[in-house]
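Colleague: A predicted structure for the sequence below; I have some questions about it.
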Amino acid sequence: MGKLTDAKQFVVEAKGELNKVTWPSKQQTISGTWVVILLSVALGVFLGVVDFGLSRLVDYVLK
């Protein structure tokens with residue numbers, strides 16, 4: 001019975017904490033998502049170029 005009471009108390013406290021959260025607006029969420037997508041693409045392109053360059057360098061050194 002103690003575990004059921006503990007679980008109920010946890011849910012009540014979690015709900016109380018979630019009510020205190022300042023949630024971002026829809027526009028903030030969309031803007032943040034675009035920033036993450038663009039940075040991910042930029043990092044992917046950068047790492048692809050570095051990988052390609054290092055691969056060519058290793059091929060050159062080994063031949």
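Modeller: Now that the structure is in, tell me what you want to look at.

Colleague: Nearest the geometric middle of the chain, what residue?
Modeller: Centre of the chain computed as the mean C-alpha position; nearest residue by CA atoms, centre = their mean is Val36, 7.9 Å away.

Colleague: For the protein, which segments are assigned as helices?
Modeller: Under the criterion DSSP state H, the chain contains helices at 2-20, 26-62.

Colleague: any idea which of the ones you listed scores lowest on pLDDT?
Modeller: Mean pLDDT is lowest for helix 2-20 among the helices of the chain, at a mean of 90.

Colleague: tell me which residues in that helix are buried?
Modeller: Across helix 2-20, burial judged by 16 or more other CB atoms under 10 Å covers no residue at all. C-betas here are computed from N, CA, C, even on glycine.

Colleague: Using PDB, write out the CA atom coordinates for that helix.
Modeller: Presented in PDB, the C-alpha positions along helix 2-20 are these (Å, rounded to 0.1, in the frame of the first residue of the first chain):
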ATOM      1  CA  GLY A   2       2.900   2.300   0.600                       C
ATOM      2  CA  LYS A   3       4.100   2.100  -3.000                       C
ATOM      3  CA  LEU A   4       0.700   3.200  -4.300                       C
ATOM      4  CA  THR A   5       0.700   6.200  -2.000                       C
ATOM      5  CA  ASP A   6       4.200   7.100  -3.100                       C
ATOM      6  CA  ALA A   7       3.200   6.800  -6.800                       C
ATOM      7  CA  LYS A   8       0.100   9.000  -6.200                       C
ATOM      8  CA  GLN A   9       2.200  11.600  -4.400                       C
ATOM      9  CA  PHE A  10       4.800  11.600  -7.200                       C
ATOM     10  CA  VAL A  11       2.100  12.200  -9.800                       C
ATOM     11  CA  VAL A  12       0.600  15.100  -7.800                       C
ATOM     12  CA  GLU A  13       4.000  16.700  -7.300                       C
ATOM     13  CA  ALA A  14       5.000  16.200 -11.000                       C
ATOM     14  CA  LYS A  15       1.700  17.800 -12.100                       C
ATOM     15  CA  GLY A  16       2.400  20.700  -9.700                       C
ATOM     16  CA  GLU A  17       5.900  21.200 -11.200                       C
ATOM     17  CA  LEU A  18       4.600  21.000 -14.700                       C
ATOM     18  CA  ASN A  19       2.200  23.900 -14.000                       C
ATOM     19  CA  LYS A  20       5.200  26.000 -13.000                       C
END
